[in-house]
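Engineer: Need a 3D model of the sequence below.
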Amino acid sequence: MNTFTALIKREMLDGKNGYIRVPAILAALSVFLVVVSTIGFGATIEFDDVIKDHGTVRNFGEALDVAANSEKGDRELPAAITLSYWVMGGISWVALPFVVFFSLLSALYEERRDRSILFWKSMPVADWQEVLAKLITPVLVAPAIFLGVAIAAQLLVAIFLSVVVLFQGGPVLELWPLGTMFGTWFVAISYYAISTFWVLPLLAWVLFVSAYASRLPFMWAVLPPVVIAAVEGLLFESTNFLQWIGVHLGGWQEGAFGRINVDIDGPSDLLDLIFGGVQLDALTYTLASGQFWVGLLIAAGFVYGAIELRKRAI
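Structural biologist: You can find the predicted model right below:
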């Protein structure tokens with residue numbers, strides 16, 4: 001276990017630009033934009049369906065006070081603030097898919113290209129440990145860092161806005177709906193975990209390509225699926241392969257959530273939908289889906305292939 005932990009740390013150091021600096025820079029940018037907009041435009045935010053009369057609102061503190069004392073304030077305001085924090089502090093999530101994809105694509109390719117594989121194969125470390133470390137780091141560890149950075153950005157925004165509201169004489173505690181904030185963090189973790197298992201066969205394919213391609217790994221990762229889809233379309237006039245990819249990229253949610261009656265009339269309705277058993281529906285649908293389990297078997301095959309290719313790499 002200590003060896004595997006050391007491998008994870010090595011991967012983190014090797015990919016610190018994508019795993020640490022990218023989310024930190026994007027989160028800092030989002031916080032900076034909030035600060036600039038607050039200073040430059042008076043910190044007035046409209047809470048949809050919470051504030052009805054904006055005529056006497058001059059700044060964010062007054063807007064918050066009016067919202068808190070409105071008819072729907074107790075129900076809508078915590079949800080509106082929590083969702084606003086995700087919008088204001090969640091820019092770093094945009095980069096996560098690119099970081100994961102290109103980290104996997106270069107994971108086993110770069111060590112063969114620069115011949116550093118000769119050094120690492122001289123170490124008393126099994127190939128399966130090396131490959132799993134290169135898979136787990138971008139797929140599990142990196143998102144945990146991105147989530148941590150996003151949460152830190154949300155807290156920084158909340159602290160800054162609290163200072164602003166304090167000077168403006170507004171209700172500071174309304175900016176800290178800790179129950180809904182913690183709830184959304186937990187939901188984000190569970191949703192990402194389920195989505196990751198769904199997309200795992202595609203991620204494992206990218207890792208396999210990284211172990212196989214002697215050059216142009218991006219082309220090797222993209223062209224075979226494109227060719228398969230084109231051949232299927234020409235010969236059979238169908239799109240089953242593309243639909244399969246689409247399901248694993250996120251289309252599974254249509255089957256998991258398609259029967260849910262969605263009637264969103266304000267921020268609280270959105271959070272009620274999220275906390276009202278949606279994750280349980282996703283988990284139940286996932287465990288009952290044959291395509292999900294077949295996808296995991298395919299992913300295991302690609303990972304096994306990557307391990308065998310690395311064993312034979314020189």
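Engineer: Give me the three-state assignment for A229.
Structural biologist: Following DSSP: H, G, I helix; E, B strand; the rest coil, A229 is assigned to helix.
Engineer: ok, now how distant is it from V294?
Structural biologist: Going from A229 to V294 by CB to CB, to the nearest Å gives 18 Å. Bear in mind the C-beta positions are built from the backbone N, C-alpha and C, glycine included.
Engineer: Pull the number of nearby residues for the closest residue to A27 other than its chain neighbours.
Structural biologist: Leaving aside its chain neighbours, A27 sits nearest to A153 (4.0 Å; criterion: CB to CB, 6 or more residues apart in numbering). When counting by other CB atoms under 10 Å, one arrives at 26 neighbours for A153.
Engineer: pLDDT weak spots in the stretch 201-314 of the chain?
Structural biologist: 258-265, 274-277, 314 (pLDDT under 70).
Engineer: So which bits of stretch 131-141 are buried?
Structural biologist: 131-135, 137-139, 141 (16 or more other CB atoms under 10 Å).
Engineer: which residues touch the residue nearest to A27?
Structural biologist: 27-28, 30-31, 88-90, 92 (CB atoms under 8 Å, 6 or more residues apart in numbering).
Engineer: Tell me how far the helix or strand hosting G301 lies from the chain's centre.
Structural biologist: Using DSSP states H and E, G301 sits within helix 290-312. Put simply, helix 290-312 sits 23 Å off its chain's centre (CA atoms, centre = their mean, to the nearest Å).
Engineer: cool, and stretch 179-187?
Structural biologist: Stretch 179-187 sits 15 Å away from the centroid of its parent chain (CA atoms, centre = their mean).
Engineer: Can you pull out the residues in contact with that stretch?
Structural biologist: Residues contacting stretch 179-187 (CB under 8 Å, 6+ apart): 78-79, 82, 85-86, 147, 151, 154, 271, 274-275, 279.
Engineer: May I see the buried residues of that stretch?
Structural biologist: For stretch 179-187, by 16+ other CB under 10 Å, it's 180-181, 184-185.
Engineer: just those residues now: which is nearest A193?
Structural biologist: W185 (13.0 Å; CB to CB).
Engineer: what's the distance between the closest residue to I117 other than its chain neighbours and M88?
Structural biologist: Nearest residue to I117, sequence neighbours excluded (CB to CB, 6+ apart): E111, at 4.2 Å. Remark: distance between E111 and M88 (CB to CB) = 39 Å.
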